[in-house]
Each structure stands twice: as structure tokens, then as C-alpha cells.
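Peer 1: Need the 3D shape of this:
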Amino acid sequence: MNKVKLSLLSLLVLGMTATTASAAVYYTFEDAGQLTSTQAGVNTVPFTSGSISSYNGASGSYSINGSSVSGSAQPFGITSEFLSVGGGETASFDVGANYNYFGLFWGSIDNYNTLSFLNDGIQVASFGGGDISPLIANGNQGSWNSNRYVNFFFTGTDTFDTVSLYSGSNAFETDNHAFGVVPEPSIIALFGLGLVGLGFARRKTRS
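Peer 2: Predicted coordinates for the structure are as follows:
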């Protein structure tokens, strides 16, 4: 095992031991050119013909576009409708149950894009575009380094029931959302998927 893999393995084990104190979420990304989730048995939201029917409901401000529009760019490799959340806007999507997996094709990743997960109205994890290293959050509209399918895996008994997308400027463009209950990835499986890191978000308590 080379030094890079050894370092990632150490980080992964450290993260797994910390899950009793916080919600741990592992993120991976697919190979360049993979536009949809590779997880079996998940619900998918392709936004074809403007549909969000796989979601239980949606709130906030968003649009479904068939091509580039002012302030929004079609994700690299996507040739059909996509979801766009405008600058200063937030859109939330109810997945209808408690799940431990969410995936999306994240277009022209920017630092001002934020993906958050909630459970029963409480935020349990949040990722900005700059957190998804080594992908590059520079808004590049024509590079796989800034346009990629990203998977998020909750560990143990941690789950979410709502996803929220916020953009601080211009837009947050995504496509091919997927969610469901999947087996918690093993260390070996995570390396196979392309482990890039893990994030922690301490639970917020109600006031």
C-alpha cells in the first residue's frame, strides 16, 4: 500500500471512531463522464421534462432549465434539463423518509455553493463547494475537475430527510439527484469508489 492510500486509510479509521460524538458523512466522487449514481436501488431525480416527482416535496426558489440561461450554466456533459438555484436563493427538497445516501451531479462547482442535510428540521451536515477536495471550486464550466458526480454516505444510524441547496452568487447547478438506503461502504469499497475525504457536522439541539 503506497503512502497516499495509507494516509487515507488512517484518516478513514479516525473518522469512523469519531461517529459516536458527531454525524460523519463520507463523500466520494465518480469517474469523469459518469453523470448518474452508480448505487443500486436508489430513487433518482433526473429533472427530465421539469419533473421532481421522486421528491416528496420542494420549497424555496429554483428553476429547471434545458440550456444555459442568464446567471446559470448547463453542467459539463449534461445535455438535458438540470436544476438551478439562483444567487442568494435556497431550495429544499423533502426525500420523504430517512435515508443514508445522497448523490448529485454538481456542475461548475463554486465556493459559494452549499449543500446541507437536515433531519426533522435540524441541520446534521453541510458541505460547501470548496470542501469537496480535490475537486476544484473555481466555477469552470468545461472541466471534469469542477463538474463531477458526488456521493455522500452517512454512517451508523445517522440519516437525513431533507436536502437543501444554497447559492451565494450566480447559481448552484445540479442534475441527476439520487437518494436511498445503501449498505455502509467498507474501507475497501470506499477506495474503489474514489475516497476523497469525510466531513463532520455536530448535531444542533433545539432551543
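
Peer 1: State the three-state secondary structure for T157.
Peer 2: coil (DSSP: H, G, I helix; E, B strand; the rest coil).

Peer 1: which residues of the protein fall in helices?
Peer 2: Remark: helices assigned in the chain by DSSP state H are 3-17, 187-193.

Peer 1: mean pLDDT for those: which is lowest?
Peer 2: When the helices of the chain are ranked by mean pLDDT, helix 3-17 comes last with a mean of 34.

Peer 1: Am I right that V95 is in contact with S164?
Peer 2: No. If you go by Cβ atoms under 8 Å, V95 and S164 don't touch, sitting 11.3 Å apart. Where you see a C-beta, it was placed from the backbone N, CA and C, and this is true even at glycine.

Peer 1: Name the residue in the two with the higher neighbour count.
Peer 2: V95 (22 against 19; other Cβ atoms under 10 Å).

Peer 1: where does the chain have low pLDDT?
Peer 2: Filtered on pLDDT under 70, the chain yields the residue ranges 1-23, 66-70, 185-207.

Peer 1: where do the strands sit along it?
Peer 2: 23-29, 43-45, 57-60, 63-65, 82-86, 89-99, 101-107, 113-119, 122-128, 148-154, 160-167, 171-180, 195-201 (DSSP state E).

Peer 1: Of those, which is nearest N140?
Peer 2: strand 101-107 (10.0 Å; Cβ to Cβ).

Peer 1: Walk me through which strands that closest one pairs with, and which way each runs.
Peer 2: Sheet pairing of strand 101-107 (DSSP bridges) gives strand 148-154 (antiparallel), strand 171-180 (antiparallel).

Peer 1: now the ones you listed as CSV including distance to G88?
Peer 2: Formatted as CSV, those follow (distance: least, Cβ to Cβ, whole Å):
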stretch, distance to G88
strand 148-154, 23
strand 171-180, 10
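
Peer 1: any idea how far the nearest residue to N56 once chain neighbours are set aside is from S61?
Peer 2: Leaving aside its sequence neighbours, N56 sits nearest to G96 (Cβ to Cβ, 6 or more residues apart in numbering; 3.3 Å). Taking Cβ to Cβ, to the nearest Å as the measure, G96 falls 21 Å from S61.
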